[in-house]
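In: Have a look; sequence and predicted model below, questions after that.
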Amino acid sequence: MSQGVNSKKQQLCFDWGPGEMLLCETSFNKKDKSEKVPSCPFIYIIRKDVDVYSQILRKLFNESHGIFIGLQRIEEELTGKSRKAQLVRVSKNYRSVIRACMEEMHQVAIAAKDPASGRQFSSQVSILSAMELIWNLCEILFIEVAPAGPLLLHLLDWVRLHVCEVDSLSADVLGSENPSKHESFWNLVTLLVLQGRLDEARQMLSKEADANPSSASMCRVLGDLMRTMPILSPGNTQTLTELELKWQHWREECERHLRDSTLAASPHLESLCKIMLGDEATLLEHKELLSNWYHFLVTRLLYSNPTVKPIDLHFYAQSSLDMFLGGESSPEPLDNILMAAFEFDIHQVIKECSIALSNWWFVAHLTDLLDHCRLLQSHNLYFGSNMREFLLLEYASGLFAHHSLWQLGVDYFDHCPELGRVSLELHIERIPLNTEQKALKVLRICEQRQMTEQAEQTYELMRCLEDLASGRPGCGEPDTQQLQVILTLGGGVVVVPCWWEKDDDIETTKVEMLRLALARNLARAIIREGSLEGRTVFCSVLKDSKLGENGFISHAAEQGQK
């Protein structure tokens, strides 16, 4: 962004480069400039992919890179039954990396001394938490492909993992001198029942029975109902039909106790019994404890339809969202993403995540994994690439904005068969070669991939940098600022020694340097394409240049012949 610029007069043109915005002055008329109009002495660089500069998120990028490469290498080995297990393991590896970064970010947010920094880190924690929540649900629905019965068990684990307030509350209550008298005792018991943790809820009821003998019999009745509730466990061999029959009989037993007013003397126990019957009104009375609609959804399914089929999920999800919000608020972006997942609309999930999340990491890696699961239709986008490749290209382009993460981006480009090599060639030419070590890395990458033209440009720039560093006869020594401009121009820059004449103004020199660099690259493109129409374009750029139009064209022609 530039201060004091009148965009209505089209005084600036701009376009996105790899990771940053390039601004260049076009038709700035000094005669129209009055004293009242603010000047614009500074140009600010705007970055698209700011997340690559976070120290903690860099760990996410580095760790996930290894998982990504491993997945591409084992693709040929993924066959039969082992394929699903391998893909589930890869998905869990991705989730573990997200969680590790989230926990580290949480610790940094707690330790932050600056309130603004603390809020920023807390915001990142929320984003990472949402990413893990979405990824986990996609893993259950699209990768695990859990059938009726086990599906609910996976959803229960999903809720318990991401709604973890009950654990801290349990520690507070059990750590008190008299847990049954604690102000949050019944909230804890209710939360345990809402999450289907009935064994823990029974243990809490036993403490209530010991402390209050008058309610001991009622606690015993409700505890027996909790103990006998039929649940399909992973190692259980009973069929869904058998489970449904047992569950229906158990439900009738709960209804009988309510009709007989067995628990009427204790409103808390009676409310728990209604929850176990899946009473929607009672569930909504505990909206604060449920905290979100998808927790309400899973609890509702647990106590009303434990053998729900995947095809019916979206009906329950939509009705749960509507009932929970009650028309008082609109769905958040996270709600829309989860709803698309429950509707098994993979493309909508990817679209919503691309809009809501702050970088391309999530959608690129999730889409790649789903593509390996053979779940994405191989439709081409308008420019000839598929969705997987498009997202990987965007993510890799963002990595190239970072001074070291660009090396990871190379591998992502390598695994994009359609446009990966072309994109890599374009990005490798624009890497700022500010150290010899970095230049050698670029050369090695070019040589390994037989990118001859890019390698020659890098060699050319290295020779120019050596000449500048040592100085030339008849030329002044380049200062640090001038050298830095050259270093940040990337490959494809030819340095003209007469720039460093002692009488030149520093700012003018830098402008000349940038103008010649841009014009030289344009000239090479025109010569390569054989176009004469574009000659006037870069001639106008050079009209004030000290090198001169004819001299520059001759120089560019020589480079083109080489």
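Out: Perfect, I can see it now.
In: CA only for contacts and neighbour counts going forward, please
Out: Noted.
In: Give me the most central residue, this structure.
Out: residue 362 (3.5 Å; CA atoms, centre = their mean).
In: thought that one was touching residue 130?
Out: No. Between residue 362 and residue 130 there is no contact under CA atoms under 8 Å: 10.7 Å.
In: picking up where we left off before, helix, strand or coil for the residue nearest to the centre of the chain?
Out: In three-state terms, and counting by DSSP: H, G, I helix; E, B strand; the rest coil, residue 362 is helix.
In: Kindly report the same for the one 5 residues further on.
Out: Local secondary structure at residue 367 is given as helix here, using three-state DSSP.
In: Quick one: residues contacting the closest residue to it other than its chain neighbours.
Out: Setting aside the residues directly before and after it, residue 367 is nearest to residue 388 in space (CA to CA, 6 or more residues apart in numbering), at 5.7 Å. Residue 388 is in contact with 364, 367, 368, 371, counting by CA atoms under 8 Å, 6 or more residues apart in numbering.
In: Check those residues for the minimum pLDDT and say which it is.
Out: For these, the weakest pLDDT value sits at residue 371, with 92.
In: moving C-terminal of the helix or strand hosting that residue, what's the next helix or strand?
Out: Residue 371 belongs to helix 361-372 when elements are defined using DSSP states H and E. Helices and strands here follow DSSP H and E; after helix 361-372, the next one along the chain is helix 387-399.
In: Next one, pLDDT for the residue nearest to the centre of the chain please.
Out: 96.
In: The closest residue to it other than its chain neighbours and residue 342, how far apart?
Out: Leaving aside its sequence neighbours, residue 362 sits nearest to residue 131 (CA to CA, 6+ apart; 7.2 Å). Using CA to CA, to the nearest Å, one gets 16 Å for the distance from residue 131 to residue 342.
In: and what of residue 393?
Out: 28 Å.
In: same check, this time on residue 304
Out: 18 Å.
In: between these two, which one's more packed in?
Out: residue 342 (23 against 19; other CA atoms under 10 Å).
In: That one touches residue 309, doesn't it?
Out: No. Look at residue 342 against residue 309 with CA under 8 Å: they stay out of range, at 11.6 Å.
In: Emit the ChimeraX select command for whichever of the contacts of residue 388 are buried.
Out: Filtering those down to the buried ones (16 or more other CA atoms under 10 Å) takes a single ChimeraX command:
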select :364,367,368
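In: pLDDT weak spots in this protein?
Out: Along the chain, segments meeting pLDDT under 70 span 1-53, 80, 235, 377-385, 464-562.
In: per-domain residue ranges of this protein.
Out: 1-46, 163-289, 431-561 (automatic domain parsing).
In: Identify the spatial nearest neighbour of residue 268, chain neighbours not counted.
Out: Nearest to residue 268 is residue 186, by CA to CA, 6+ apart, at 7.2 Å.
In: ok, the one you found to residue 289 distance?
Out: Residue 186 is 11 Å from residue 289, by CA to CA.
In: same question, residue 258
Out: For residue 258 relative to residue 289 (CA to CA), the value is 23 Å.
In: and if you look at residue 399?
Out: 41 Å.
In: do residue 90 as well
Out: 33 Å.
In: can you check residue 392 too?
Out: In terms of CA to CA, residue 392 sits 40 Å off from residue 289.
In: Give me the more crowded residue out of those two.
Out: residue 392 (24 against 18).
In: That one touches residue 417, doesn't it?
Out: No. Counting by CA under 8 Å, residue 392 stays clear of residue 417, with 11.1 Å between them.
In: so where do the strands sit in this protein?
Out: 12-16, 21-25 (DSSP state E).
In: Quick one: distance of the helix holding residue 371 to the chain centre.
Out: Between the centre of helix 361-372 and the centre of its chain there are 11 Å (CA atoms, centre = their mean, to the nearest Å).
In: Run the angle between it and helix 387-399 for me.
Out: Here helix 361-372 runs at an angle of 150 degrees relative to helix 387-399 (axes from the mean of the first three to the mean of the last three CA atoms, to 10 degrees).
In: Tell me the helices and strands packed up against helix 361-372.
Out: helix 346-356, helix 387-399 (3 or more CA pairs under 8 Å, 6 or more residues apart in numbering; DSSP states H and E).
In: chain center to the last one: distance?
Out: Looking back up the chat, that one is helix 387-399. Taking mean C-alpha positions (CA atoms, centre = their mean), helix 387-399 and its chain are 12 Å apart.
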